[in-house]
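> I would like the atomic coordinates for the input below:
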Amino acid sequence: MEEFFRGFEKNAFFWNKKKKEGVMPTEGKNLVVFHAKWSQVSTDYIKRLDRENLPGVTVVTIDVDKHPSLATASGVRGLPTTMLVGDGVTKKTWVGVQPMEEIKREL
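The predicted model follows:
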């Protein structure tokens with residue numbers, strides 16, 4: 001799985017208040033969220049993640065309409081799909097909106 005993430009870094013997006021494009025860090029913890037702009041549930045979930053205090057965690061969003069091959073290769077079956085990636089390896093995957101307590105517990 002590490003090589004897969006290395007391969008899509010250039011297509012990943014940082015989620016921050018300025019919504020700048022960037023490269024997903026290969027070190028540390030990342031929450032990769034597959035979403036679609038037409039999905040209000042996904043949009044609200046990402047906004048909620050943006051408001052949370054998650055020290056040391058980078059939230060990366062990937063629009064499944066812009067990058068369908070990434071969604072397929074990642075096994076995305078529902079939106080939003082969130083993956084906890086640490087040091088380039090997928091540690092946990094959630095489908096659907098998750099309580100922040102669950103995400104924080106896994107971090």
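> which residue is nearest the middle of the protein?
Closest to where the C-alpha atoms of the chain average out (Cα atoms, centre = their mean) is residue 32, at 1.6 Å.
> what stretches of this structure score poorly on pLDDT?
For the chain, applying pLDDT under 70 flags the ranges 1-27, 88.
> let's see that with 80 instead.
1-28, 70, 87-89 (pLDDT under 80).
> could you pull out the strands for it?
Using DSSP state E, the strands assigned to the chain run over residues 13-14, 29-35, 57-63, 81-86, 89-95.
> state the number of residues packed around residue 35.
By the criterion of other Cβ atoms under 10 Å, residue 35 has 23 neighbours. C-beta here means a position set from N, CA and C on the backbone, and glycine is covered the same way.
> would you agree it is in contact with residue 42?
Yes. Using Cβ atoms under 8 Å, residue 35 is in contact with residue 42, at 3.6 Å.
> shared neighbours of the two, anything?
79, 80 (Cβ atoms under 8 Å, 6 or more residues apart in numbering).
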